[in-house]
Structures are given as C-alpha cells and as structure tokens.
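*Asks:* Turn this into a structure:
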Amino acid sequence: MTVLSPDALPYRPNVGALIFRADGKVFIARRTDMPGVGGPLSEGVWQCPQGGIDEGETPEAAVLREVQEEIGTDKLHILKEHPEWIAYDLPENLIGKALGGKYRGQTQKWFALAFTGTDQDINLNLQNPPEFDAFQWVDLASLPQRNVGFKKPIYEKLVRDFEPFAHAN
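*Replies:* I've put the predicted structure just below:
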C-alpha cells in the first residue's frame, strides 16, 4: 500500500463566514463532533460557519448556502470578501483522517457578513445530525483563542483584516 505524503495531497476549497451582529459581536457555534475537547467558553470546539465549495459554485453562493445549511438563516448579507485565499495544513495526526482523508488541509475564502435577524432566526437543527449544538456572540479579538490551535494564524489574520466590522453600526 502506498502512503502519500501530506505534500502530495491537495487543499480542499472552502468558504468561511464571519457573521457580525449590529453591535459588532461575531457568531461562533459549538461543534457536535468534538465533545469533551477543551475550549475557553465551555467544553467543546467553537468555530465560525464554514464548508466546502461545490463544483461550479462561486465562493459567494457557497458561503450563503453554508450559513443556511449550518445555522438555518438567510437573514444576512455580504459586507466584504477577503482578498486572499487563506490556506492551512492539518496537523500530522489528522492527515488521512479529517476531511475524508483526501486533503492536506483547506484553502479558504472568508467573508464578513452582516446579520440582520434576531437569535430566533437561527436554527441549528436543520441538518441531521446537526453540525452545531450551541452558539454565542463574542468579541472579534477573542476568536484566535477560541479555536483549535492549528487554525489560530487564520483567525489572527481575519481579526486584523475584518476589524472595522467589529464596531457597532
């Protein structure tokens, strides 16, 4: 059996959503597939909505679809698309396991979105099983400390680049 080195594997195209409420707080949700993993808000892994881009789909369409699928709302609009694709590599222990075992990591196109609804417009139970089981609105600056370590550099970059949207509007 031939084992590919991580460098031989491609990156999975992906979109991510930084969803801002009018007071500048950012939406994060707790993953259901990582119970018991430590996190500063409570047990579990917290992240912003994100997901793969379907073949033939634009990143803009993908981010709106992913938000609808994962948190059940269309009460938002795109404020800004990040100018770069931002890639990360999976840690060695996840190569061949995470992302269907087919990718070395992801290359992500991130978007800042304005949430125009209320918390009642969010439904985490549209998927079976749900991807998330709880959500919170947090300060943008806290994102790097509230995510898995190998994604910290991405969130540090997003905090810098999307900081203007973190002010109440």
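*Asks:* what sits against the closest residue to F20 other than its chain neighbours?
*Replies:* Leaving out its chain neighbours, the residue that sits closest to F20 by CB to CB, 6 or more residues apart in numbering is F165, at 4.9 Å. For every residue, glycine as well, the C-beta is placed using N, CA and C. Applying CB atoms under 8 Å, 6 or more residues apart in numbering to F165 gives the contacts L18, F20, G24, L79, K80, A112, A114, L140.
*Asks:* Tabulate those residues (TSV), appending secondary structure and neighbour count.
*Replies:* Output for those, formatted as TSV (DSSP: H, G, I helix; E, B strand; the rest coil; neighbours: other CB atoms under 10 Å):
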residue	secondary structure	neighbour count
L18	strand	26
F20	strand	24
G24	coil	16
L79	strand	16
K80	strand	15
A112	strand	21
A114	strand	16
L140	helix	21
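*Asks:* how about TSV for these, with distance to P129 and pLDDT added?
*Replies:* Formatted as TSV, the contacts of F165 follow (distance: CB to CB, whole Å; pLDDT from 0 to 100):
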residue	distance to P129	pLDDT
L18	25	98
F20	28	98
G24	32	96
L79	31	97
K80	32	97
A112	29	98
A114	29	98
L140	29	95
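*Asks:* tell me which helix or strand of the chain sits lowest on mean pLDDT?
*Replies:* Taking mean pLDDT, DSSP states H and E as the measure, the chain has strand 46-47 as its least confident helix or strand, at a mean of 86.
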